[in-house]
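S.K.: attaching a predicted model along with its sequence, questions to come.
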Amino acid sequence: MSEALLVALSLVLNAGLPYWIVKRDLARCTELQRSRAWPEASFLAAVLAFGPLSLPVHFAKTRRSVPGLGLGFGLCALTLVAESLAVSALASVLGLDS
């Protein structure tokens, strides 16, 4: 049962963090950048299917620059680290450390 909680947390964070990051970014984008972004259905499919790996694509699409791509990869890495830390913390609390 405890392992199921770890998997559930991982799945929620895998989709939830990129969703939150992109939605927050879109609120700050210019109109031109928003016009380059994914339509809502494609955005949800990308976040659910690829999780943090959708971030470099989003930032490259909206910024159309190398720094935008770098921002996407940086946020992807931070998201993966945050997920890992959260799952490790829950595993520690549940006594599942090995």
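M.R.: Yes, it's here.

S.K.: show me where this protein has its helices.
M.R.: Taking DSSP state H to define them, one finds helices in the chain at 2-28, 31-36, 40-50, 54-63, 66-94.

S.K.: out of these, which one sits most buried?
M.R.: helix 54-63 (a mean of 21; mean count of other CB atoms under 10 Å). In this view, the C-beta of every residue, glycine as well, is placed from N, C-alpha and C.

S.K.: a markdown table for the helices of the chain, including mean pLDDT?
M.R.: Output for these, formatted as a markdown table (pLDDT from 0 to 100):
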| stretch | mean pLDDT |
| --- | --- |
| helix 2-28 | 93 |
| helix 31-36 | 93 |
| helix 40-50 | 91 |
| helix 54-63 | 94 |
| helix 66-94 | 94 |
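
S.K.: the residue nearest in space to the middle of the chain and Ala4, how far apart?
M.R.: Taking CA atoms, centre = their mean, the centroid of the chain lies closest to Pro18, which sits 2.2 Å from it. Look at Pro18 and Ala4: by CB to CB, to the nearest Å, they are 23 Å apart.

S.K.: ok, the residue lying closest to Trp38 once chain neighbours are set aside - contacts?
M.R.: In this structure, Trp38 finds its nearest non-sequential neighbour in Ala46, 6.3 Å apart by CB to CB, 6 or more residues apart in numbering. Taking CB atoms under 8 Å, 6 or more residues apart in numbering, we find Ala46 in contact with 38, 54, 57-58.
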